[in-house]
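*Asks:* My questions are about this predicted structure, shown below with the sequence.
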There are 2 protein chains.
Amino acid sequence: MTTRMSLKKLSAHLGLAQGTVSRALNNYPDISAKTRKRVQEEAIRLGYTANPMARRLATGLAEAVAFIMPESHSSLAEPFVSQLLEGLGDSLSRRGWDLLVTQSVPAEDEPEMIRKLVTSGRVSGVVISRPHKNDARIKLLQSAKFPFIVHGRSLRSDDYAWYDVDSEKAFGDAVDHLVALGHSRIGFVGAPTYHTFAQARLDGYRKTMVANGLPSDDSLIQICELSDDGGERGAGHLLDADDPPTAILCTTDVQAFGALAAIRSRGMVAGKHVSVIGYDGLRIGRHTNPPLTTLVQPQAHSGRQLGDMLLAIIDGGDPRDFQELRSAELLRRQSDGPVWTESAQ
Amino acid sequence: MTTRMSLKKLSAHLGLAQGTVSRALNNYPDISAKTRKRVQEEAIRLGYTANPMARRLATGLAEAVAFIMPESHSSLAEPFVSQLLEGLGDSLSRRGWDLLVTQSVPAEDEPEMIRKLVTSGRVSGVVISRPHKNDARIKLLQSAKFPFIVHGRSLRSDDYAWYDVDSEKAFGDAVDHLVALGHSRIGFVGAPTYHTFAQARLDGYRKTMVANGLPSDDSLIQICELSDDGGERGAGHLLDADDPPTAILCTTDVQAFGALAAIRSRGMVAGKHVSVIGYDGLRIGRHTNPPLTTLVQPQAHSGRQLGDMLLAIIDGGDPRDFQELRSAELLRRQSDGPVWTESAQ
DNA sequence: CTTGATTCCGAAAGCGCTTTCGGAAATGCT
DNA sequence: AGCATTTCCGAAAGCGCTTTCGGAATCAAG
């Protein structure tokens, strides 16, 4: 491979000044259509592409955005990441920008990590996910006036861009659904509520319980970690209580998988003796025992959406104009059913 | 935020020349220990960090590597990706390098995509995964003398770096295991064999079948797509044949999930009437019906490993010195068992 | 034709760093 | 003390692009 084609060589080849060629390639209006055409054709003919580092240095634009991976809570690795990255990459590549992924770090180091990312100039924007209710990263990014978008929301979400699913409403729907099936003692397997989504889902559950005139005291609520084991433990406690619930709502599908295990291990069958509903709509839920009823979120194009929005903000758009709330829908598989009664048996 | 600290300002502040400060920060030996210390301390005191684009332009080093995401075959999104990226990111971040992710593109565009990546200078190395038996990307990378590492192998794998799991051996072990359980008609649900791993697993199955003096004619082999649906169809055909197998080996866990479904839908129970063994060791397999027996690959640190190896190659190491073959182990859950006999019932 | 406005391109100054090179100052040796 | 080294730093030339600015050439208008 001969040495890489440079602007210098290209312009010499064309008998034009470097600046002229550069402007021609970048469609400056002060270049005649004729020479512009000549330049552009010759450029592709010779396979010239600008050195990104040189351009980035000259323009001060990083031409890249970072995705901060959520901390993986279980070895049941985040199934979203892959899909989300695909969408994000798709969005960015249309502009020739890079997608860079940074791993999450211990929570206390996050601010420092964000600071570095912002000041280093390696990226022109970032997308963060799974914000806490009071997310330090968001504040940092805001005060630095750095373009960013959030996958999810924090408590106050009016003044930044986000893309989220209304899981509060979804959990309300789930409760209504269970009530319609005759359930009145409905348990909830939650996650640490510093996660906004965990809080929202708990709220949706609670509010709809009282709206239906049902109890949702603490004995019906188990907060545990976001893993199958966590779900199993949480559901286990619920099931072993004096007056166990006849249905259990889980914050995530992964937790629900654990809940199903807890039910099985107690000699009961989910969907019959006790109902279980998860949230996420993971396809893998088709294969659990029994197949998991779940709230599916429309994440097909969330990555693409996130990318497009972030790009718009980087282009100068007002972050407040980019807030999108989608809704989730109940997908009935086989882990829910009417409340169990011995007699009906 | 006041304007970013630059080498120029830092050096003025120190009363030194830019070059001197730069060399001090980069630990050049021609700077006295005294001034080096002074410079470095002042740099951190003032929060100076070099502008990456400027450095990259000056040094010609991209300080980044790209991970090319495998094409996702099913909406059962690749569970590995997340974990792998984490490890990779970890490895790279120790050196302050960036990890950038590029989405896969239609196979026919891959060479072009690789070419762009290589010539653009945006990265100093790439990691590719799921190579085909005769992978065009590998050849391209080799002829361009561009640093890269492969997650998996192609047919001829002697002259480049790779990290792989010996799934051929693993499938041999699985066959032996089933034979020990009394099985003799063992079916195989495969994947398109342009995937090297699909071929290797098929080979492992075949060879060990004949080594055990068992038949492995085409009627026992179904090639289908890498998804749960594919696995369900493949296993279905096997099951519906005149002389159905008493055990089925699947190329991946995801396919095995489908196989379990096929068995259930025919009123049989896996692990009893017919055995199923998958490959990957996905944790989610604990929750299927029944829990899936599988060959688990040690992917805990594969990302980290891949990153370290690639870095070493970029540093000038000989790719041939970086070939690592790990092995998978059988994890018995509940989808395998002795061959079923009516009488024993 | 002359003038004034346009159109189009060349020249040059950066962007913020690295690295080579040469020379002054400090040190070693006789 | 005198010379040859060695130590340490300053100066300057890039890296490959973008972008401003001014001027030559072209055009329209008087």
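*Replies:* Sure, I can see it.
*Asks:* Could you confirm A:Ser154 falls within a strand?
*Replies:* No. A:Ser154 is assigned coil when assessed by DSSP: H, G, I helix; E, B strand; the rest coil, not a strand.
*Asks:* Return the backbone torsion pair for it.
*Replies:* Per-residue torsions, A:Ser154: phi -100, psi -170 (degrees, to the nearest 10).
*Asks:* residues touching it, list them.
*Replies:* A:131-135, A:138, A:196 (CB atoms under 8 Å, 6 or more residues apart in numbering or on different chains). Where you see a C-beta, it was placed from the backbone N, CA and C, and this is true even at glycine.
*Asks:* Report the beta-bridge partner residues of A:Ile149.
*Replies:* Per DSSP bridges, the residues bridged to A:Ile149 are A:Val127.
*Asks:* re the thing from before, now the contacts of A:Ser154: which count as buried?
*Replies:* For the contacts of A:Ser154, a neighbour count by 16 or more other CB atoms under 10 Å in any protein chain shown gives the buried set as A:131-133, A:135, A:138, A:196.
*Asks:* So which of the residues you listed reach chain B?
*Replies:* With the criterion set as CB under 8 Å from any CB of the partner chain, no member of the buried ones among the contacts of A:Ser154 is near chain B.
*Asks:* can you give me the helices in chain A?
*Replies:* Using DSSP state H, the helices found in chain A span residues A:7-14, A:18-25, A:33-45, A:52-59, A:80-93, A:110-120, A:136-143, A:167-180, A:196-211, A:228-240, A:253-265, A:302-314.
*Asks:* The first one - contacts with which helices or strands?
*Replies:* Other helices and strands packing on helix A:7-14, by 3 or more CB pairs under 8 Å, 6 or more residues apart in numbering or on different chains; DSSP states H and E, are helix A:18-25, helix A:33-45.
*Asks:* check contacts around A:Ala62.
*Replies:* A:56, A:121-124, B:53.
*Asks:* Show me the residue sitting in the middle of chain A in space.
*Replies:* Chain A has A:His151 as the residue nearest its centroid, 4.4 Å off, counting by CA atoms, centre = their mean.
*Asks:* The nearest residue to that one once chain neighbours are set aside: neighbour count?
*Replies:* Counting by CB to CB, 6 or more residues apart in numbering or on different chains, A:His151 lies nearest to A:Ser129, which is 3.8 Å off, once chain neighbours are set aside. Neighbour count of A:Ser129, defined by other CB atoms under 10 Å in any protein chain shown: 20.
*Asks:* What of A:Ala33?
*Replies:* Neighbour tally, A:Ala33, other CB under 10 Å: 8.
*Asks:* State the pLDDT value of it.
*Replies:* Predicted confidence (pLDDT) for A:Ala33: 93.
*Asks:* what sits against A:Arg320?
*Replies:* By CB under 8 Å, 6+ apart, the neighbours of A:Arg320 are A:158-161.
*Asks:* distance of A:Gly213 from A:Pro192?
*Replies:* From A:Gly213 across to A:Pro192, the span is 29 Å (CB to CB, to the nearest Å).
*Asks:* My error: substitute A:Ser124 in the last question.
*Replies:* Taken as CB to CB, the span from A:Ser124 to A:Pro192 is 33 Å.
*Asks:* One more: A:Gly271?
*Replies:* Distance from A:Gly271 to A:Pro192, by CB to CB: 28 Å.
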